[in-house]
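Peer 1: This is a predicted model, with the sequence first.
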Amino acid sequence: MLNNKTKNRLTIFVAISILTIIAIVFIFKTLEDNVLYFYSPSEISKTDEINLNNKIRIGGMVKEGSVKTSEDEIKFIVTDFKKEIIVSFQGTVPALFAEGKGVVAEGKLKDKKFFVAKRILAKHDENYMPPEIKKNLNKNAK
Amino acid sequence: MFKFLNPSYVFHLTGKILNFVKIFILPISIIGIIFALFVSPRDYIQGESVRIMYVHVPSAWISLLCFASISFLCILNFLFKIKSASLIYKSLAPIGLVFNFIAIFTGSLWGKPTWGTWWVWDARLTSMLVLMFFYIIFILSYKFIKDDSKALKICTSISVLGLINLIIIKYSVHWWSTLHQQPSINLSGETTVHYSMLIPLSIMLCAFLLYSALIFLMKYRIETIRVKRKRLKKL
């Protein structure tokens, strides 16, 4: 059905496509750590070779009831419900920063349990609903 | 069946479809805007900035859809030498690029009040930016490379890379930790957008699709005329 020229083109095309896919998979496997935008607290506690001088990002949920604001500093606990890290930050947090919501902190680790943030970003989840529905949901939950 | 391969018949048909699109586009856009700006509720946490979603999400989808069809047609043209496919992908590419830009632009407008930053280099945002570069290279290569077969080869390789990039865009939020949230609308599984927000979103999607169809049909007809003129000159 296909003539020879088309067959040739098809073989070359399929071969090159497969090679490209394999190459890209390998590239992403090697770059895995760089593609991750942030580490979770569990990943931090697992790895041994985190350089304390490097700027990194950690992300997770702000633990309920853990936010403490003093005059020039805000302290809170980032959790992924397995491990926790205490974060301290000087500056203003974004409007959507709240307890029980996602957060990404950029800065340096003091040790595995303590993180000094230079920048705080709020992470929004995939839920969209009007305020009244949210109120009803909370009522039902109680 | 064969009349669909006849350019003058297709030209006639696209003219008819274009008239239909022209009738529907204005009312649907107006209804969509009214729903998106006034009827739909605020979000419980983002407040009014949720309305950016009604532009951001449809334009991101359309830009992905455009690139998928462009790549498919370009590869088809490369493998089986279907010349008329080039008319379609040449008319689709600018639409995809514009919607890709709108998606990135509105996304960064949304990111400032919610995340607290205009731009971050996470997997989703970066792969979307890469898609924009693919669009630009694609358009430049068929516009400025004089040798048609050479241009087709370059376009095909961009198509293959772009298709892989589309898969990366789709799954970037699942495979890696990103600042961008996971998809809210899942065809298989739970949709986490309240229906009062889904209605304006789907109307806006219709409006955007109609707009793309309008531009596509007009551009396609112009490209057809251009090709015919070129052939006349050669005679």
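Peer 2: Good, I have the coordinates.
Peer 1: Now do the SS call for residue 92.
Peer 2: Looking at chain A here, since you left the chain open. Here residue A:92 is coil, with the state taken from DSSP: H, G, I helix; E, B strand; the rest coil.
Peer 1: if you could check chain B rather than the one you did, that'd help
Peer 2: helix.
Peer 1: roughly how far apart are it and chain A?
Peer 2: Distance, residue B:92 to chain A, by Cβ to the nearest Cβ, to the nearest Å: 21 Å. No exception for glycine: its C-beta is placed from N, CA and C like everyone else's.
Peer 1: so what's that residue up against?
Peer 2: B:66, B:69-70, B:73, B:216 (Cβ atoms under 8 Å, 6 or more residues apart in numbering or on different chains).
Peer 1: What does the pLDDT read for the nearest residue to residue B:224 once chain neighbours are set aside?
Peer 2: Of all residues beyond its chain neighbours, the one nearest residue B:224 is residue B:11 (5.6 Å), with distances taken as Cβ to Cβ, 6 or more residues apart in numbering or on different chains. Here the pLDDT value assigned to residue B:11 is 87.
Peer 1: you'd agree residue B:200 is up against residue B:29?
Peer 2: No. If you go by Cβ atoms under 8 Å, residue B:200 and residue B:29 don't touch, sitting 12.0 Å apart.
Peer 1: Neighbour count for these two, which is higher?
Peer 2: The neighbour count for residue B:200 versus residue B:29, taken as other Cβ atoms under 10 Å in any protein chain shown, is higher for residue B:200 (22 against 17).
Peer 1: Tell me which entries of the contacts of residue B:92 lie within helices.
Peer 2: Among those, the members falling in helices (DSSP state H) are B:66, B:69-70, B:73, B:216.
Peer 1: nearest to chain A, of those residues?
Peer 2: residue B:73 (14.4 Å; Cβ to the nearest Cβ).
Peer 1: Quick check, the closest one in contact with residue B:88.
Peer 2: Yes. With contact defined as Cβ under 8 Å, residue B:73 reaches residue B:88; the gap is 5.5 Å.
Peer 1: residues touching the residue nearest the centre of chain B, list them.
Peer 2: The centroid of chain B falls nearest to residue B:63 when counting by Cα atoms, centre = their mean (2.4 Å). Each residue near residue B:63 by Cβ under 8 Å, 6+ apart is listed here: B:96-97, B:99-100, B:103, B:131, B:135.
Peer 1: Next, it: phi, psi?
Peer 2: Backbone torsions of residue B:63, given as degrees, to the nearest 10, read phi -70, psi -40.
Peer 1: What distance do you get for it to residue B:136?
Peer 2: 13 Å (Cβ to Cβ, to the nearest Å).
Peer 1: same deal with residue B:98?
Peer 2: From residue B:98 across to residue B:136, the span is 12 Å (Cβ to Cβ).
Peer 1: got it, and residue B:233?
Peer 2: 30 Å.
Peer 1: Between these two, which is the more surrounded one?
Peer 2: Here residue B:233 and residue B:136 are compared on neighbour count by other Cβ under 10 Å; more neighbours surround residue B:136, at 14 against 7.
Peer 1: can I get the CA coordinates of the helix or strand where residue B:124 lies in PDB?
Peer 2: Element membership for residue B:124, per DSSP states H and E: helix B:123-144. The C-alpha coordinates for helix B:123-144 follow below in PDB (Å, rounded to 0.1, in the frame of the first residue of the first chain):
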ATOM      1  CA  ALA B 123       7.900  22.600  35.900                       C
ATOM      2  CA  ARG B 124       4.400  23.700  34.600                       C
ATOM      3  CA  LEU B 125       5.200  27.300  34.000                       C
ATOM      4  CA  THR B 126       8.600  26.500  32.400                       C
ATOM      5  CA  SER B 127       7.200  23.900  30.100                       C
ATOM      6  CA  MET B 128       4.400  26.300  29.000                       C
ATOM      7  CA  LEU B 129       7.100  28.900  28.200                       C
ATOM      8  CA  VAL B 130       9.000  26.200  26.200                       C
ATOM      9  CA  LEU B 131       5.800  25.600  24.200                       C
ATOM     10  CA  MET B 132       5.700  29.300  23.300                       C
ATOM     11  CA  PHE B 133       9.300  29.100  22.000                       C
ATOM     12  CA  PHE B 134       8.300  26.000  20.000                       C
ATOM     13  CA  TYR B 135       5.400  28.000  18.500                       C
ATOM     14  CA  ILE B 136       7.700  30.900  17.600                       C
ATOM     15  CA  ILE B 137      10.400  28.600  16.000                       C
ATOM     16  CA  PHE B 138       7.700  26.700  14.100                       C
ATOM     17  CA  ILE B 139       6.200  29.900  12.700                       C
ATOM     18  CA  LEU B 140       9.600  31.400  11.800                       C
ATOM     19  CA  SER B 141      10.800  28.300  10.100                       C
ATOM     20  CA  TYR B 142       7.900  28.000   7.700                       C
ATOM     21  CA  LYS B 143       7.900  31.700   7.100                       C
ATOM     22  CA  PHE B 144      11.600  32.400   6.500                       C
END
